[in-house]
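1. sequence unknown, structure follows:
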């Protein structure tokens, strides 16, 4: 079996590339180990807590003991299913701030500034603002990826935005448009009541073409002959076979599995490969390093009024919601319930936001466990540009062995300072008059925790991953010893091998990573096809006029 291009991974970037490459007339084989995404647990937005906690859909990875988080092992869900992590994520859509991408370019990712990537965000989007009259010049309206907003019927969504305004922050009508900073509606990859994953947006249309096919199998390594990638070896049951690429092999296996595959194929830190008796094809010390993530906490409050989603948190209500969704794709099952958001700066002197909020009118964890006090609400929040860095390394040369994942969370003093600031600012927001009718008391962290040491203890014991790992195959100049791919997504040191997914991010962008990951697939497809990139758009983002002297 062979094709012009072999794409490893049917996730966010892989689906986008398969669509664009096949659209251009090239033959494409997409190799995916995971199974079908068909079924209500994935397709119903409100069921999001289920697939990310199921072995059927998740690789089941967890970190090494994190010494600065009390030795806890944190779960690291990664999609093992058609659509990859876009089929098990929270469906929150965030582009990232313009300055995130300008920083990429400054760090050696030439051609990846905001002006360069904005046309690709617009190409991929089919934006629906719910009739609120947003500025369409910043958004795309005919791309494969439907981006919508929830109905925000619960009054708590509006209380959150009003509390931000009362605290002196901006209100923004579109954080993915000109102005990210502020409080406003949150966007989601949901369309007509269904999860609009990369599989639904890109892969299914691509597979309708005669030149694109999906191959089920576990990729064991990239086959490299005389310094050139010629295919991939996959395991199917008890046998192995090689799928050949006439033009190029493209890795899109994600920030955990892409560096693992490179190392298994002899591309990575030479000394580490030698430890596992793997022959070195290209000594690239940056493979697996630069691992980043967003840590967050659930800031939870007990509610004075029984207006939260907790009233639906019982088997009978869930059955009714599920039945309504199955029959009509409407109702409470048709939203992820992250319908209000905020991006703020933690201090004066920061040009753009470094704290994100997801607001939800129920107090519940990603694993589906609700607060014991019944009616409540919460904000997921944490700093977005931690200084700590970790690494993905091999535990074994056996392709079936899970990699070693060590984020080294909270290993930098600055991260503790930033997180404490985030907690204190959050308390201030929820103390505003807009929440006076709603806040009964603080559940987590708990009003009794006030000192630096007490807040540090809460962070150590309760901080969780926001499931945004990235950066492990950093993009940079070909003369940068820490770079793994060049700005055209070519793996440095090996011919005919490219890599495009969240592992190439030089630094983690603001917010959730599904949007930027799809953008990477869109832009990489033009590089792979040898096309001129879309024309840069020099649209200037809104920056607080007093950012140097004012925090809000």
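-> Arrived safely. Model, not experiment: these values are computed from the prediction.

2. next one: residue 367 from residue 361, what distance?
-> Distance of residue 367 to residue 361, given as CB to CB, to the nearest Å: 19 Å. To be clear about C-beta, it is placed using only N, CA and C from the backbone, and glycine gets the same treatment.

3. so for those two, which sits in the more crowded spot?
-> Each of residue 367 and residue 361 has its neighbours counted (other CB atoms under 10 Å); residue 361 has more, 25 against 11.

4. got the contact list for that one?
-> By CB atoms under 8 Å, 6 or more residues apart in numbering, the residues touching residue 361 are 154, 156-157, 307-309, 337, 377.

5. can you get me a residue count around residue 55?
-> Using other CB under 10 Å: residue 55 sits among 8 other residues.

6. three-state assignment of it?
-> coil (DSSP: H, G, I helix; E, B strand; the rest coil).

7. would you format the contacts of residue 361 as TSV with pLDDT included?
-> Compiled in TSV, the contacts of residue 361 are given as follows (pLDDT from 0 to 100):
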residue	pLDDT
154	97
156	98
157	98
307	96
308	96
309	95
337	96
377	97
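
8. closest one to residue 489 out of the residues you listed, please.
-> For the contacts of residue 361, the closest approach to residue 489 (CB to CB) belongs to residue 337, at 35.5 Å.

9. rewinding a little: narrow the contacts of residue 361 to those in strands?
-> Taking DSSP state E, the ones among these that sit in strands are residue 377.

10. among the contacts of residue 361, name the ones in helices.
-> In this view, the contacts of residue 361 that belong to helices under DSSP state H are 156-157.

11. in the contacts of residue 361, find the pair that's most separated.
-> Greatest spatial distance in the contacts of residue 361: 307 and 337, 13.6 Å, computed using CB to CB.

12. the two: who's more crowded?
-> residue 337 (21 against 16).

13. quick check: closest non-adjacent residue to that one.
-> residue 360 (5.4 Å; CB to CB, 6 or more residues apart in numbering).

14. cool, residue 534 as well?
-> The spatial neighbour of residue 534 that comes closest, neighbours along the chain excluded (CB to CB, 6+ apart), is residue 119 at 3.8 Å.

15. now do the helix or strand harbouring that neighbour, average pLDDT.
-> Element membership for residue 119 (DSSP states H and E) is helix 114-124. For helix 114-124, the mean per-residue pLDDT is 98.

16. what helices or strands is it leaning on?
-> Contacts defined by 3 or more CB pairs under 8 Å, 6 or more residues apart in numbering; DSSP states H and E place helix 114-124 against helix 98-106, helix 514-529.

17. single out the most deeply packed of those helices.
-> Comparing these by mean neighbour count (mean count of other CB atoms under 10 Å), helix 514-529 ranks first with a mean of 26.

18. and that helix, what does it pack against?
-> For helix 514-529, the elements it packs on are helix 12-23, helix 114-124, helix 198, strand 239-251, strand 497-499, judged by 3+ CB pairs under 8 Å, 6+ apart.

19. so it versus strand 239-251, what angle?
-> Relative orientation of helix 514-529 versus strand 239-251 (axes from the mean of the first three to the mean of the last three CA atoms, to 10 degrees): 90 degrees.

20. adjust the sequence numbering to begin at 632 for everything that follows.
-> With the count now opening at 632, the last piece we talked about shows up as helix 1145-1160.

21. so helix 1145-1160 versus helix 745-755, what angle?
-> With the same axes, to 10 degrees applied, the angle from helix 1145-1160 to helix 745-755 works out at 100 degrees.

22. report the angle between helix 1145-1160 and helix 729-737.
-> Put simply, helix 1145-1160 runs at 40 degrees to helix 729-737, going by the same axes, to 10 degrees.

23. closest one of the contacts of residue 992 to residue 720?
-> With CB to CB as the yardstick, the closest approach to residue 720 among these comes from residue 968, at 14.0 Å.

24. next, the buried residues of stretch 871-891.
-> Neighbour-count burial for stretch 871-891 flags 874, 876, 879-891 (criterion: 16 or more other CB atoms under 10 Å).

25. picking up where we left off before, out of the contacts of residue 992, who has the most neighbours?
-> residue 1008 (30 neighbours).

26. contacts only, for that residue.
-> Residue 1008 makes contact with 787, 931-932, 934, 939, 990-994, 1069, according to CB under 8 Å, 6+ apart.

27. circling back: and the next helix or strand after the helix holding residue 750, how far out from the chain's middle?
-> Where DSSP H and E defines the elements, the next helix or strand beyond helix 745-755 is strand 756-758. How far strand 756-758 lies from its chain's middle: 18 Å, per CA atoms, centre = their mean, to the nearest Å.

28. same thing with stretch 1171-1182?
-> Centre-to-centre, stretch 1171-1182 and its host chain are 26 Å apart (CA atoms, centre = their mean).

29. so how far does that stretch reach from one end to the other?
-> Start and end residues of stretch 1171-1182 are separated by 21 Å (CA to CA, to the nearest Å).

30. residues contacting that stretch, please?
-> For stretch 1171-1182, the external contacting residues (CB under 8 Å, 6+ apart) are 728-730, 745, 801, 809-812, 976-983, 1183.

31. which parts of that stretch are buried?
-> Across stretch 1171-1182, burial judged by 16+ other CB under 10 Å covers 1172, 1175, 1178, 1182.

32. before we move on, what about stretch 1038-1058?
-> Neighbour-count burial for stretch 1038-1058 flags 1038-1042, 1046-1047, 1049-1054, 1056-1057 (criterion: 16+ other CB under 10 Å).

33. kindly report the same for stretch 769-782.
-> Using 16+ other CB under 10 Å as the test for burial, stretch 769-782 gives 769-771, 774-781.

34. re the thing from before, which of the buried residues of stretch 1038-1058 fall within helices?
-> Using DSSP H, the subset of the buried residues of stretch 1038-1058 located in helices is 1046-1047, 1049-1054, 1056-1057.

35. now, of the helices and strands packed on helix 1145-1160, which is deepest in the fold?
-> With neighbours taken as mean count of other CB under 10 Å, the helices and strands packed on helix 1145-1160 reach their highest mean count in helix 829, at a mean of 33.
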